[in-house]
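Novice: requesting a structural model of the entry that follows:
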Amino acid sequence: MALTRSQADEDKGTPGHGAQAPRPGAARFATDAAGLGVGRAAAFIAPALILIAIFLVFPALWVILLGLSNYSLTGAAAANPEFVGLDYFAKALTDGRFGNSTWLTFQFVLGSAVIGQAVLGFILAKVLHGRIKRLVEGLVILAWILPSAVVSFLWVALLDRDSGTLNALLGIPGFAWLIDHPMLSIIIFNTWRGTAFSMMLYGAALGNVPPSHLESARLAGANAWQQLRDVIFPHIRGHILTNLLLISLWTFNDFSPFLLTAGGPDGKSEVLAVFVYKVALFGGELGYGAAVSTVILLINLVVAVFYLRMLRKR
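Specialist: A predicted model of the protein is given here:
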């Protein structure tokens, strides 16, 4: 039996008299491999996007706007703030106190995150085994989950010049650790407190290194350092860079040093987070504090881009 033209068009899928044109907007709801179209996927992620906009995007834009004004907590500028443009950003770049805080922050990140937490976390993950490993993991994780205020109080009690535990153990009563060595104190404090994350991440990464590769390296005569350099590090390079990215950003914006030294003495431990707090709240200069916060955001973006480019090259 011969097919009519409309029937042939329908069979071939070509638009003819019997073919129906796709409905407008149907592509938005077309199913894909996951069973979701663009419209349904957008509906699923809309709540997350709304929360990100409210709690991340809007505060960031508000801080940038404040940094362009002379808004303050009290006085005439609080009631009628004026637009000052980039004046506060220029002030930050020429402010010796801001420069000192930036330098101290980089010392803090390098000492307690890059060298302290990353290195100590890897050593603990590599050398500890069995029950000792579980015991140490429990102690380190306990330090990580304790509130910052509690940990800071414990460390102040440990380092107190008159009745501190450390001075009693070392037999040097009256030695003022937080006054004579404030940066060293907060670096060791933050290393002790934050090593748990690095240790757990490296522990998981080391578990994925194929034992056959290590065995082959041993049979080829590679010593422990060569196995670490040529087998282990290449396998966990992505984990190392991810860990460094996260702990660097966390440490860069950490406010815990204020609980230990309040930025003193004489600004010797005044990292950027403490500097912004003192300028914006103690000094009442919200506009200047917002401008400095925007500069900190830009520095964080530069650090993040550097690590992400390193990750892409692996």
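
Novice: so how far is the first residue of stretch 254-270 from its last?
Specialist: Across stretch 254-270, the terminal residues are separated by 11 Å (C-alpha to C-alpha, to the nearest Å).

Novice: same question for stretch 163-180.
Specialist: 16 Å.

Novice: mind listing what's buried along it?
Specialist: Buried residues in stretch 163-180, counted by 16 or more other C-beta atoms under 10 Å: 164, 167, 176-178. Where you see a C-beta, it was placed from the backbone N, CA and C, and this is true even at glycine.

Novice: do stretch 302-314 as well
Specialist: Within stretch 302-314, judged by 16+ other C-beta under 10 Å, the buried ones are 303, 307.

Novice: likewise stretch 209-225?
Specialist: Result for stretch 209-225 [16+ other C-beta under 10 Å]: buried residues 209, 214, 217, 222.

Novice: stretch 288-302 now?
Specialist: 288-296, 299.

Novice: go through stretch 240-249 and flag the buried ones.
Specialist: 240-249.

Novice: going by distance to F153, which of these wins?
Specialist: I247 (23.3 Å; C-beta to C-beta).

Novice: quick revisit: so can I have JSON lines of the buried residues of stretch 240-249 showing pLDDT and distance to V127?
Specialist: JSON lines is the format used below for the buried residues of stretch 240-249 (pLDDT from 0 to 100; distance: C-beta to C-beta, whole Å):
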{"residue": "I240", "pLDDT": "91", "distance to V127": "17"}
{"residue": "L241", "pLDDT": "90", "distance to V127": "22"}
{"residue": "T242", "pLDDT": "91", "distance to V127": "22"}
{"residue": "N243", "pLDDT": "92", "distance to V127": "18"}
{"residue": "L244", "pLDDT": "92", "distance to V127": "20"}
{"residue": "L245", "pLDDT": "91", "distance to V127": "25"}
{"residue": "L246", "pLDDT": "92", "distance to V127": "23"}
{"residue": "I247", "pLDDT": "93", "distance to V127": "20"}
{"residue": "S248", "pLDDT": "92", "distance to V127": "24"}
{"residue": "L249", "pLDDT": "92", "distance to V127": "28"}
